[in-house]
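Q: coordinates for the following, if possible.
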Amino acid sequence: MSQAGQNLKYLRKLRGWTQEEFAIKLGIKRSLIGAYEEERADPRLEVLEIVSDTFKLSLDDLLLKDLSNTGNSYLAKRRQQKMMTAERNVIHFVPVKAAAGYLAGYADTEFIDELNTFTLPMLAGGNYRAFEIIGDSMLPTPSGSIIVAEKVENVEDVKNDQAYIVVSRNEGIVYKRLVRNNRAKNKITMVSDNPQYQPYQVNAEDVVELWQAQMIINKVSQQQRWDVNSLANMVNNLQTQVSTLKKKMN
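A: Modelled structure (predicted):
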């Protein structure tokens, strides 16, 4: 008996897709997804080929094996494949479209294992992750840039004026420079590189992950150009913000 219907359902839920989203990716009607998952119809060969290519599975595995079964674990095979293809410093990539899912699944190994990965041999050994950022609050780093960052285990280890990816319950995933106030250890000040954005504070207890920025990856065509006057104004505004923050801290 074919396992295709149940396997499609398992793989869809593993990625967190609705039937509608899965149908769009496969180029078929949503009603067909329901029919396949309820085993009222058998998936067509062209659909199975798309699924096998997407999830890096053979047609035999898709048709004959129960992928949710521990003995045939799809996730275990995916982990093994990634270990074989990356010698060290496997970096999981969190695109903007996965940001909402990341907030719920950052501690879920199954969710993390389904993220795309890459390696950067110039990085020293460590725990790295890459995040796509949007918006202009960190200009001249343009929207759409990829921030490669190293995990910081404790808020106490935050270095003032360094750039971090901050994952918090209320703010989501943001890229900012951080300033800690020794008098208010339960607060962290978030500072934008773009002086048009004012600093603000978050509660340290709301922060669930911290990643210190190590590298920025962006497209050449997205490089922001600045004239001398703009740069001078930016420096003056940053100096004013720093002075204000120092006065508050003292």
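Q: all helices of the protein, in order?
A: Using DSSP state H, the helices of the chain run over residues 4-15, 19-26, 30-37, 45-55, 59-64, 74-85, 99-105, 109-113, 228-249.
Q: got the angle between the first one and helix 45-55?
A: Right, helix 4-15. 30 degrees (axes from the mean of the first three to the mean of the last three CA atoms, to 10 degrees).
Q: show me what helix 4-15 is packed against.
A: Secondary-structure packing of helix 4-15 (3 or more CB pairs under 8 Å, 6 or more residues apart in numbering; DSSP states H and E): helix 19-26, helix 30-37, helix 45-55, helix 59-64, helix 74-85. Backbone N, C-alpha and C define where each C-beta goes, glycine included.
Q: need the winner for burial among those.
A: Ranked by mean neighbour count, the helices and strands packed on helix 4-15 are led by helix 30-37 with a mean of 18 (mean count of other CB atoms under 10 Å).
Q: one step back: among the helices and strands packed on helix 4-15, which comes closest to residue 180?
A: With CB to CB, the closest approach to residue 180 among these belongs to helix 74-85: 35.6 Å.
Q: just give me the lowest mean pLDDT stretch among the helices of the chain.
A: Of all those, the minimum mean pLDDT falls on helix 74-85 (a mean of 61).
Q: just to revisit the earlier point, quick one: closest of the helices and strands packed on helix 4-15 to residue 165.
A: helix 74-85 (21.8 Å).
Q: residue 232: neighbouring residues, count only.
A: 11 (other CB atoms under 10 Å).
Q: which residue sits closest to residue 241, ignoring its sequence neighbours?
A: residue 199 (6.3 Å; CB to CB, 6 or more residues apart in numbering).
Q: I misspoke; the intended subject was residue 11.
A: Of all residues not flanking residue 11 in the chain, residue 55 sits nearest, at 5.7 Å (CB to CB, 6+ apart).
Q: from residue 191, how far off is that neighbour?
A: Counting by CB to CB, to the nearest Å, the separation of residue 55 from residue 191 is 42 Å.
Q: do the same with residue 233
A: Counting by CB to CB, the separation of residue 233 from residue 191 is 17 Å.
Q: contacting residues for residue 8?
A: Residue 8 is in contact with 22, 33, 36-37, 43, 51, counting by CB atoms under 8 Å, 6 or more residues apart in numbering.
Q: please repeat the previous calculation with a cut-off of 6 Å.
A: Contact partners of residue 8, counting by CB atoms under 6 Å, 6 or more residues apart in numbering, are residue 36.
Q: look up how far residue 110 lies from it.
A: According to CB to CB, residue 8 and residue 110 sit 17 Å apart.
Q: how about residue 142?
A: Per CB to CB, residue 142 is found 33 Å from residue 110.
Q: and residue 124, which of the helices of the chain is closest to it?
A: Closest approach to residue 124 among the helices of the chain (CB to CB): helix 74-85, 19.6 Å.
Q: centroid residue for the chain?
A: Central residue of the chain (CA atoms, centre = their mean): residue 94, 1.8 Å from the mean position.
Q: tell me the bridge partners for it.
A: Applying DSSP bridges to residue 94 gives these bridge partners: residue 131.
Q: surely it touches residue 100?
A: No - counting by CB atoms under 6 Å, residue 100 is not a contact partner of residue 94; they are 10.6 Å apart.
Q: now stretch 135-145 - C-alpha only, PDB.
A: Output of stretch 135-145 as PDB, limited to C-alpha atoms (Å, rounded to 0.1, in the frame of the first residue of the first chain):
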ATOM      1  CA  GLY A 135      13.900  48.100   6.900                       C
ATOM      2  CA  ASP A 136      16.200  51.100   6.900                       C
ATOM      3  CA  SER A 137      16.800  51.600  10.600                       C
ATOM      4  CA  MET A 138      20.400  50.200  10.300                       C
ATOM      5  CA  LEU A 139      21.400  52.100   7.200                       C
ATOM      6  CA  PRO A 140      24.000  52.200   5.600                       C
ATOM      7  CA  THR A 141      23.400  48.400   6.000                       C
ATOM      8  CA  PRO A 142      20.600  48.000   3.400                       C
ATOM      9  CA  SER A 143      17.300  46.300   3.800                       C
ATOM     10  CA  GLY A 144      17.500  42.700   2.600                       C
ATOM     11  CA  SER A 145      21.100  42.200   4.000                       C
END
